[in-house]
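# got a predicted model here, sequence first, then my questions.
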Amino acid sequence: MRLKGRKAVTKDYEITINAPNAVFTAYLNGVDSIRLDRYERYELIGSTMLLGEVKYSINDTTLVSISEIKDNKCVLHANAKNKLGEIILSAKYNGITYTKTIKIIPLW
């Protein structure tokens, strides 16, 4: 920046992108409840881009099923048999398991 009749003023800034000691953090993105016989999509979101495969699993197949896993995203399908409760969705990435508790709720 230079003002008329004065010396130029400069300022140097250093910006570090992807610091070498940065800690990776992640969470499972998606709704906290699924209505009976409905589908919902879940995805592991990280503080940096995910480079490896994410493996999904559920703890109770009577309440929900995994209908699709594609592009590191998971689609869950809630049961149509009026069974309510909670399940735990797990996503394993780079040896770390991330979990999310999801409620199966009625249609009304």
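Perfect, I can see it now. Numbers count the residues shown, from 1 in each chain.
# how long is stretch 26-42 end to end?
13 Å (Cα to Cα, to the nearest Å).
# now the strands for the chain?
Along the chain, counting by DSSP state E, strands occupy 26-29, 33-35, 39-46, 55-58, 64-70, 73-78, 85-93, 96-105.
# list the neighbouring strands of the second one plus their orientation.
Looking back up the chat, that one is strand 33-35. Each strand paired with strand 33-35, and its direction, by DSSP bridges: strand 96-105 (parallel).
# what's the most buried one of the strands of the chain?
Greatest average neighbour count among those goes to strand 73-78 (a mean of 20), per mean count of other Cβ atoms under 10 Å. C-betas here are computed from N, CA, C, even on glycine.
# helices and strands around that strand, which ones?
When contacts are defined as 3 or more Cβ pairs under 8 Å, 6 or more residues apart in numbering; DSSP states H and E, strand 73-78 packs onto strand 33-35, strand 39-46, strand 64-70, strand 85-93.
# for it, what does the pLDDT average out to?
Throughout strand 73-78, pLDDT has a mean value of 98.
# CA atoms only: put it into CSV for me.
Presented in CSV, the C-alpha positions along strand 73-78 are these (Å, rounded to 0.1, in the frame of the first residue of the first chain):
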residue,chain,number,x,y,z
LYS,A,73,-21.3,-43.4,2.1
CYS,A,74,-23.7,-45.8,3.8
VAL,A,75,-27.5,-46.0,3.3
LEU,A,76,-29.5,-47.6,6.1
HIS,A,77,-33.1,-49.0,5.7
ALA,A,78,-35.3,-49.2,8.8
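# one step back: using JSON lines, lay out the helices and strands packed on strand 73-78 together with mean pLDDT and distance to Trp108.
As requested, the helices and strands packed on strand 73-78 are exported to JSON lines (pLDDT from 0 to 100; distance: least, Cβ to Cβ, whole Å):
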{"stretch": "strand 33-35", "mean pLDDT": "98", "distance to Trp108": "9"}
{"stretch": "strand 39-46", "mean pLDDT": "97", "distance to Trp108": "18"}
{"stretch": "strand 64-70", "mean pLDDT": "95", "distance to Trp108": "19"}
{"stretch": "strand 85-93", "mean pLDDT": "97", "distance to Trp108": "17"}
